[in-house]
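Asks: sharing a sequence plus its predicted fold:
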Amino acid sequence: MGKKYCYLFSEGNANMRELLGGKGANLAEMTNLGLPVPQGFTISTEACTQYYEDGRQINDEIMAEIMEHIGKMEEITGKKFGDKENPLLVSVRSGARASMPGMMDTILNLGLNEEVVETIASWGNPRWAYDCYRRFIQMYSDVVMEVGKKYFEQLIDKMKAERGVTQDVELTAEDLKELANQFKAEYKAKIGEDFPSDPKEQLIGAVKAVFRSWDNPRANVYRRDNDIPYSWGTAVNVQMMAFGNKNNDSGTGVAFTRNPSTGEKVLTGEFLMNAQGEDVVAGVRTPQHIDHLKEVMPEVYAQFVNICDTLEKHYHDMQDMEFTIEDKKLYMLQTRNGKRTPAAALKIACDLIDEGMIDEKQAVLMIEPRNLDALLHPQFDPAALKAATPVAKALAASPGAACGKIVFTAEDAKEWNEMGEKVVLVRLETSPEDIEGMKASQGILTVRGGMTSHAAVVARGMGTCCVSGCSAITMDEENKEFELAGKTYHEGDYISIDGSTGNIYDGIIPTVPASVSSGYFGRIMSLADKYRQLSVRTNADTPQNAIDAKRLGAEGIGLCRTEHMFFDSDRIAAIREMICSDTVEGRKAALAKLEPMQQGDFEKLYETMEGQPVNIRFLDPPLHEFVPTEEADIEQLAKDTNKTVEQVKAIIASLHEFNPMMGHRGCRLAVTYPEIAEMQTEAVIKAALKVSAAHPDWNIVPEIMIPLVGEVKELAYVKSVVTTTADKLIAEAGSSMKYKVGTMIEIPRAALTADEIAKEAEYFSFGTNDLTQMTFGFSRDDAGKFLGAYYDKKIYENDPFAKLDQVGVGKLVKMACELGKSTRPDIKLGICGEHGGDPSSIEFCHNVGLTYVSCSPFRVPIARLAAAQAAIRNPRK
C-alpha cells in the first residue's frame, strides 16, 4: 500500500490542513459536525507536489486513486457520472493550506454532456439544464483550456442584442441551447478539437488546471507577498453539485458571522435567488442582504443562523461561509476564518476574549502583525476609493494614503510646503539630500527602486506614504512633467497614491486620518507587551522620529544614524569645508563648527527618550555623499575654502570610488581621520552630561556604536580614541557617568571572529542590510534589476533585504551571538537593519536569543506584536 492521495470528506478533519488544504480540511470538519455538506473527496497537496515532480503529469498511481474515489462518491450520492437516469455533476475547486483568494477559478456543473443535459432537461426545467451546460462549457474553456472568457461574453451579448433583451435571465431554454452549441463551436475553433464529452476526461482536465494554477503569475506574486512557500502545493476538492440556479426556490450566497469591515457581531452577507455561486461574487446581478432571506425562506434562514453559531463556537473565530439552497434545502459549501480589516481584527480578538471563546495568548496570535501598519497612517476615504480607478500600480513601499500637487524636486517640495501646499514628490529615485523634500511631502512616488530602496526605507521611517518602482512612468525632469497611462502630468497637477496597495490615482481622493484608538489597539498592544521577551527599540535620527516611536511603544533608540543630521544646509557647508582641508588643524576647525550642532541634536534625543537607551552610530557613509555636484555649489565651496574651482573639483574626483559600499566608510573614516570620532564623542558625552545634570534620576548611559568593523584591531584603535576623549570630559565634569562602546556586525568577517571582537565591543548590533549585501555579494540598490528573474525561476522566494535569509545570513548572526557570549556572557545583542520590522525575521531574532530588535518608528507596534507571537510559540527559558 503506497501513499494515500485521495480522502473522502468523511475521512478528514480540521487538523489535516497541510494535506487537505484549508477548504478540504474544513469540508471534512463540517461533515464530522453533521452539517449539510454535499459529499465528495479531496485530492491532497502531496498529489500536487508529485504532479510537478513528474513533469506536470498525473501519474498512474494517483490517477487510479482518483478513479477509485469517483466510484466511492457515486456510491455515497447514488448518482453516476454520465448516467441517463441519475447523472452525477460535480464542482472542482482549489484549496491551499493558506487562503489565497482569487488565485484560481472554480469549475461548476462538471459531468454535463449532450446526453446528460437532455436527461436533466426532461425533469421539467429545460432552461436550468441548458443554463448549467453553457456555464460549464464557458468555465471549462476559460479555466482548463485557457480560452479567454471574453469570447463567450461576446457571444452572450450578441444573442441578447438579437433577442432584444438586456438580462441573461431573459434568455429562453432554446436560446441557451443554441448558445451552448455556439460555445462548443468557439471551443473547437480555438483548441482544434471537440469539447470533451466523457465526464472522467473532463474531471482530469480540471484537476490538472487546479494544479497548474499553483504556478500562475498571480499565485506566485501573492505567495511572495504573504510568505507562503512554493513547496506547499494546493489540494483539489471534488464535490457533488448543489444547484442554486434550479428554480426560484433555490439560491446561493456568501456570509460572515461578524462584519469583516468593522468587526461588529452581526451576520453580514448577501445572497441571490435562482443563481450560481459566481453570480454573487462576479457582481453580474445585485445581490440582497442576508437578512432578507428571513422573509424569503424563514426555515432555511433559521437553520443557517444556527449553523453560523455552531461554526463560530467550533472554530473560535469569525467565519466566512459559502452556501447554496436547492429546492428549499440548505447546503454548506465552505467555511474558513474570514479575512478582515486590521481594525476589525483587533475588535474581534478583544470581543472573543470577552465572550470566553479564546484566551489572551490566542488573541495575540490571531492578529497578522503586518496589518497593523495600515492603522497607523492616513487612509483614503473608502467610499471615494471604491469609485476611483487606479491609473497604475507599483510597489506598496510605505503604507498610508497621500494626495497632493506633483513636484519634481526636493527643493520645490520644501518651498511649496512652506506656502501651505500639499505635495507629492515624484522622482526617478531619491537620495539622502532629498530628505527635507521628502519630509515636506504627503507622499513619495519613484520610478525606480524596490521595497528597500532609499525612498522606501526613509519613507517608512518617517511614516510617510511611498509608492516605488513605477516603471510605467516616462519621466521628463528637465521640463517637470511625466507621462503615465497616456496622460501627461505637469508640476502642480493633482495625484493620489496609496502606499498600502501601490495604486496610483489621477486627481484628488480625500483622505481620513488614522485611528490609533487607545481602545482595541491599546488593549492588544498591552497583551503583546505582557508576553514578549524581546525588547523593541527604534531607528530614529530626529526628535520627531523619536517622539513618534515612543508614542508607538519603543523602549529606546537602537540606531541613530548621525550622518542624516549633516544634510541640513548650514551643516553641509562645515562638512564640505572639513573634506577640503589639507591639514588636521583645518579639519578640526571645520569639525568644531559641527560639534555644537551635533551636541544639540543628541540633547534633544536624550530629552525625548527620558533615560531610555540611545545607541548612536558614528559616521558611516563615504565622504563623496557630502560633496556638491552642481556647478554653483562647487564655486561657492571654492570661495569658502580659498581654493580654485579646479582644486575643489580635483578633491571631489579623488573621492570617487569604484565600489563605495565597500569603500572608505564606517570605522575606516575614523581610522584615517580620528578627529571625526573625537568630535562625535565630544558631542555625545557633553549632551549626555548636560541632560543628566538636569535630570539626575534618568541614569543616562550613552551607547556609542562603531560601524563596519571587520577586524578587532580596527575597533580597538577607534575605541581608544573614543575612551580617551570621553574619560577626559567625564572627569572634567566631576561625573561618574558610565558609557558603552559597541559595534555593528555587518561584515561577515566580524561575525566569524565575534569572540575576538567581543573583547573590545560591549554590545553588538547586527546591521543586517549590509550583512546581507556582503554575504550574498550583491548590492541592494542593484539587486532589484535581476531579482525578478530569480523569483520567476524559483531560485529565491523572497527579497533577502526585506526578509532575513535565515539559512546563510542567519547562520552568521547565530554564530556571532554564540561566539560573542563565549567571550562576554552578558553581552547585549540587537538588530537594527530593515529586518528588525519584519515578523518572520523578528521570530528568528527571538529564537537566537537577541536582547532587542530595532525598527523604523511606525513598525514598532508590528515588532511588539511579532515578538509576543514568537515568545508564545517558543518561550525562552
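Replies: Cool, got the structure.

Asks: only C-alpha atoms for contact and neighbour calcs from this point on.
Replies: Noted.

Asks: quick one: low-confidence ranges for the stretch 701-850 of the chain?
Replies: Nowhere does the stretch 701-850 of the chain drop to pLDDT under 70.

Asks: helices or strands up against the helix or strand hosting Ala397?
Replies: In the assignment (DSSP states H and E), Ala397 maps to strand 395-398. On a contact count with 3 or more C-alpha pairs under 8 Å, 6 or more residues apart in numbering; DSSP states H and E, strand 395-398 meets helix 454-462, strand 465-468.

Asks: what about Pro825, how many residues nearby?
Replies: Using other C-alpha atoms under 10 Å, Pro825 is surrounded by 11 other residues.

Asks: now it: phi and psi?
Replies: The phi and psi values for Pro825, taken as degrees, to the nearest 10, are phi -60, psi -30.

Asks: list the residues that contact it.
Replies: Contacts for Pro825 (C-alpha atoms under 8 Å, 6 or more residues apart in numbering) come out as none.

Asks: again with Val236
Replies: Val236 neighbours (C-alpha under 8 Å, 6+ apart): Gly24, Thr42, Ile43, Ser44, Thr45, Val92, Arg93, Ser94, Gly95, Val207, Val210, Phe211.

Asks: any idea how far the strand holding Ala397 is from the middle of the chain?
Replies: 9 Å (C-alpha atoms, centre = their mean, to the nearest Å).

Asks: and what of stretch 591-605?
Replies: Worked out by C-alpha atoms, centre = their mean, stretch 591-605 lies 38 Å from the chain centre.

Asks: so what strands line up beside the strand holding Ala397?
Replies: strand 465-468 (antiparallel) (DSSP bridges).

Asks: identify the residues contacting the partner strand?
Replies: 377, 394-402, 442-451, 455-456, 459-460, 497-499, 502-503.

Asks: are we agreed that Glu85 is in a helix?
Replies: No - per DSSP: H, G, I helix; E, B strand; the rest coil, Glu85 lies outside any helix segment and is coil.

Asks: and the residue nearest to it when sequence neighbours are not counted, how many neighbours does it have?
Replies: Using C-alpha to C-alpha, 6 or more residues apart in numbering and skipping the chain neighbours, the partner closest in space to Glu85 is Thr119 (7.0 Å). Neighbourhood size, Thr119 [other C-alpha under 10 Å]: 19.

Asks: phi, psi for Thr119 please.
Replies: Dihedral angles for Thr119 - degrees, to the nearest 10 - are phi -60, psi -50.

Asks: separation between it and Gly522?
Replies: 62 Å (C-alpha to C-alpha, to the nearest Å).

Asks: again, but for Phe304
Replies: Counting by C-alpha to C-alpha, the gap from Phe304 to Gly522 is 35 Å.

Asks: repeat that for His316.
Replies: 22 Å.

Asks: of the two, who's got more company?
Replies: Using other C-alpha under 10 Å as the criterion, His316 and Gly522 rank with His316 on top: 17 against 14.

Asks: contacting residues for that one?
Replies: Neighbour list for His316: Leu352, Met357, Ile358 [criterion: C-alpha under 8 Å, 6+ apart].

Asks: what's the closest of those residues to Gly507?
Replies: When those are ranked by distance to Gly507 (C-alpha to C-alpha), Leu352 comes first, at 41.5 Å.

Asks: list the contacts of that closest one.
Replies: His316, Asp317, Ile358, Ala363.

Asks: swap the cut-off to 6 Å and go again
Replies: Leu352 is in contact with Ile358, counting by C-alpha atoms under 6 Å, 6 or more residues apart in numbering.

Asks: next up, identify which helix or strand it is on.
Replies: helix 342-354.

Asks: put the alpha carbons of the strand holding Ala397 into PDB.
Replies: The C-alpha coordinates for strand 395-398 follow below in PDB (Å, rounded to 0.1, in the frame of the first residue of the first chain):
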ATOM      1  CA  LEU A 395       5.300  48.700  -5.200                       C
ATOM      2  CA  ALA A 396       3.500  49.500  -1.900                       C
ATOM      3  CA  ALA A 397       6.700  50.600  -0.300                       C
ATOM      4  CA  SER A 398       5.400  52.500   2.800                       C
END
